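Trainee: here you go, sequence then predicted model.
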Amino acid sequence: QVHMVESGGGLVQAGESLRLSCAASGFTFHYYVMKWYRQAPGKEREYVAGVTIDGGRKSYAESVKGRFTISRDNRRRTVLLQMNSLQFDDAGVYYCKAEGQGSNTAYWGQGTQVTVSS
């Protein structure tokens with residue numbers, strides 16, 4: 001059974017940092033591209049960052065470049081999102097997603113809430 005569990009969300013002040021973690025099980029983790037998305041109230045879910053299966057290539061939404069860092073540990077089956085210099089607009093529910101390389105298979109976590117106070 002597939003499980004994707006995000007953690008690390010919380011309430012922070014603008015300018016502070018959080019580190020999100022996503023722990024995966026039930027599928028062959030190192031065959032999957034891992035991504036983070038977020039969704040603010042009343043808005044569409046949007047892409048935040050992604051990392052290839054070996055961790056060699058990473059991509060980011062323009063709005064988080066230079067502030068967020070995605071990484072993965074295939075042995076621990078986890079993907080991290082280090083978020084620095086958080087801004088009010090970074091608030092929302094953050095989801096991790098696993099995408100099977102060359103397939104349509106995808107798994108989502110249940111999300112973790114990030115709240116940024118001004």
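Mentor: Now that the structure is in, tell me what you want to look at.

Trainee: D89 belongs to a helix, doesn't it?
Mentor: Yes - judged by DSSP: H, G, I helix; E, B strand; the rest coil, D89 forms part of a helix.

Trainee: contacts for stretch 25-45, please.
Mentor: With CB atoms under 8 Å, 6 or more residues apart in numbering as the test, stretch 25-45 has contacts from 1-3, 20, 22, 24, 46-54, 70, 72, 74, 77, 79, 81, 89-101, 107, 111, 114. Just so you know, the C-beta spots here come from the backbone N, C-alpha and C atoms, and that holds for glycine as well.

Trainee: from those residues, which would you call buried?
Mentor: 20, 22, 24, 48-51, 53, 70, 72, 74, 77, 79, 81, 90-99, 107, 111, 114 (16 or more other CB atoms under 10 Å).

Trainee: just the ones of these in helices?
Mentor: Per DSSP state H, helices hold no members of the buried ones among the contacts of stretch 25-45.

Trainee: mind checking the backbone torsions on the nearest residue to V116 once chain neighbours are set aside?
Mentor: Closest residue to V116 apart from its sequence neighbours, by CB to CB, 6 or more residues apart in numbering: A91 at 4.5 Å. In terms of degrees, to the nearest 10, the main-chain angles of A91 are phi -70, psi 150.
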